[in-house]
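Peer 1: following is a predicted model, sequence given first.
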Amino acid sequence: MSLKAQKRMAAQILKCGENRVYFDPYLIEDIRMAITREDIRNLIKEGVILKKYEQGISKHRKNVRHERKKKGRARGLGKRKGKKGARTPKKKAWMRKIRPQRRELKKLRDRKLITTATYRKLYKNAKGGMFTSVAQMNRHIKEKELLKRGR
């Protein structure tokens with residue numbers, strides 16, 4: 001005789017799916033004799049019929065991957081999706097480049113190492129995207145001898 005009816009009733013009482021209902025294999029005869037909901041409830045109380053744990057999804061692999069990414073692994077070209085501008089927007093890249101250049105120019109002007117006219121010219125050059133970094137800008141200033149004499 002099949003235990004389909006008992007499994008169905010137990011699932012309804014335990015408020016879970018039939019796959020999560022566990023019957024004690026040693027007490028199958030007792031379960032077979034249970035034909036009413038009351039009988040099933042008593043067997044649940046006795047621990048003959050149990051509700052299995054819900055199966056979860058392990059986060060272990062995700063955590064390992066996250067740790068590797070923190071170290072800089074798995075971030076190569078093959079893992080990137082979208083354009084370069086999607087990962088670092090053009091505006092953010094520009095701000096990261098121009099702000100230090102402008103700070104450096106202000107510092108040079110305030111220390112009177114360059115004239116106001118030179119400052120304006122270099123400021124416009126920086127705005128036009130002539131320099132890729134502060135170091136390149138400083139090299140340009142030295143090459144063109146734009147620093148004031150005697151300093």
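Peer 2: Received, thanks. Numbering: from 1, shown residues only.
Peer 1: for the protein, just list every one of the helices.
Peer 2: 4-14, 28-33, 37-46, 60-71, 84-87, 90-110, 116-127, 134-143 (DSSP state H).
Peer 1: quick one, domains of this structure?
Peer 2: Annotated domains of the chain cover 4-51, 86-143 [automatic domain parsing].
Peer 1: would TSV of those domains with mean pLDDT, mean neighbour count and distance to residue 65 be doable?
Peer 2: The C-beta positions use only the backbone N, C-alpha and C, and glycine is treated the same way. Shown next, in TSV, are the domains of the chain (pLDDT from 0 to 100; neighbours: other C-beta atoms under 10 Å; distance: least, C-beta to C-beta, whole Å):
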stretch	mean pLDDT	mean neighbour count	distance to residue 65
domain 4-51	96	15	30
domain 86-143	96	13	18
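Peer 1: OK, contacts around residue 68?
Peer 2: residue 74 (C-beta atoms under 8 Å, 6 or more residues apart in numbering).
Peer 1: wait, residue 37 touches residue 11, no?
Peer 2: No - between residue 37 and residue 11 there is no contact under C-beta atoms under 8 Å: 11.8 Å.
Peer 1: do you know the pLDDT at the one residue sitting closest to the centre of the chain?
Peer 2: Closest residue to the average C-alpha location of the chain: residue 66 at 7.8 Å, with C-alpha atoms, centre = their mean. Looking at residue 66, its pLDDT is 97.
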